[in-house]
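>>> Can you look at this prediction? I've put the sequence above it.
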Amino acid sequence: EADIYQTPRYLVIGTGKKITLECSQTMGHDKMYWYQQDPGMELHLIHYSYGVNSTEKGDLSSESTVSRIRTEHFPLTLESARPSHTSQYLCASREVQGSAFFGQGTRLTVV
Amino acid sequence: GQQVMQIPQYQHVQEGEDFTTYCNSSTTLSNIQWYKQRPGGHPVFLIQLVKSGEVKKQKRLTFQFGEAKKNSSLHITATQTTDVGTYFCAARTTSGTYKYIFGTGTRLKVLA
């Protein structure tokens, strides 16, 4: 079983609030990713990191930021939540050979 | 940007029937991975294909990578209700990054 954890699992928050979604992995993987996924739909890459102090924007335009100060930790921050941010957010880390391990996701609802 | 298309988008089959999903890219791929996501769950890695024309099997699942490394397929023989979920391919381009692009997914429903 993969050791990658996301908190919180569920979050309901008001418009305009600042939120941080947490993601931690204990596998020592350098590569980590954040995806946004609406129910039953494809995964959209928001941000990724190749290691400490390395972050890149993905293909999906997003008003979010990430940081990678430690290998095991890759938090995602929304500065001002909007209803259009309502979705599931999936964090993943990737081992050297390439396979990705996903966390259980954070289901975010912005009201 | 690069897109990875999967067909069909949805598939309903009777239990015991076979199922195939196809993944197509407009550009040559370095490798391709397949993931399964159960309803309400997160994607789980199934397999990775690297070589042109490669075929790999996992019990009832057969994975194939095209000769030109632009397409791939996943075939399930004699589906079971436990096969229900969405199957995604994820492709890494030959440009050499670890930025994997996920396909649009195929949602499989198996009717008992």
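Looks like it came in fine.
>>> so what's residue A:36 up against?
Going by C-beta atoms under 8 Å, 6 or more residues apart in numbering or on different chains, residue A:36 touches A:43, A:44, A:46, A:60, A:62, A:87, A:88, A:89, A:90. In this view, the C-beta of every residue, glycine as well, is placed from N, C-alpha and C.
>>> and with 6 Å instead?
Contacts for residue A:36 (C-beta atoms under 6 Å, 6 or more residues apart in numbering or on different chains) come out as A:44, A:46, A:87, A:89.
>>> Can you read off the pLDDT for it?
With respect to pLDDT, residue A:36 scores 95.
>>> host element of the residue nearest to the spatial centre of chain A?
The residue lying closest to the centre of chain A (C-alpha atoms, centre = their mean) is residue A:34, at 3.4 Å. Secondary structure from DSSP states H and E places residue A:34 in strand A:31-37.
>>> which one of the contacts of residue A:36 sits closest to chain B?
residue A:44 (8.1 Å; C-beta to the nearest C-beta).
>>> Hmm, residue A:60 and that closest one touching each other?
Yes. Counting by C-beta atoms under 6 Å, residue A:44 does reach residue A:60; the two are 4.0 Å apart.
>>> got any ranges where the chain has weak pLDDT?
Because you didn't say which chain, this covers chain A. A:1-2, A:61 (pLDDT under 70).
>>> should've been chain B
Looking at chain B by pLDDT under 70, you get B:1-2, B:94-96.
>>> which bits of it sit near chain A?
With C-beta under 6 Å from any C-beta of the partner chain as the criterion, chain B meets chain A at residues B:1, B:42, B:43, B:45, B:48, B:98, B:102, B:104, B:105.
>>> Kindly tell me how buried the fifth one is, as a neighbour count.
I take that to be residue B:48. Neighbour count for residue B:48, taken as other C-beta atoms under 10 Å in any protein chain shown: 19.
>>> picking that back up, and the strand holding residue A:34, how far from the chain's centre?
Between the centre of strand A:31-37 and the centre of its chain there are 5 Å (C-alpha atoms, centre = their mean, to the nearest Å).
>>> strands paired with that strand, and their directions?
Applying DSSP bridges to the sheet, strand A:31-37 is found paired with strand A:44-51 (antiparallel), strand A:87-94 (antiparallel).
>>> which of those is buried the deepest?
Stretch with highest mean neighbour count among the strands paired with strand A:31-37: strand A:87-94 (a mean of 24; mean count of other C-beta atoms under 10 Å in any protein chain shown).
>>> what does the helix or strand following that strand contact?
Remark: after strand A:87-94, the chain's next helix or strand is strand A:100-102, criterion DSSP H and E. Residues from elsewhere that reach strand A:100-102 (C-beta under 6 Å, 6+ apart): A:2, A:4, A:90, A:92, A:93, A:94, B:42, B:43.
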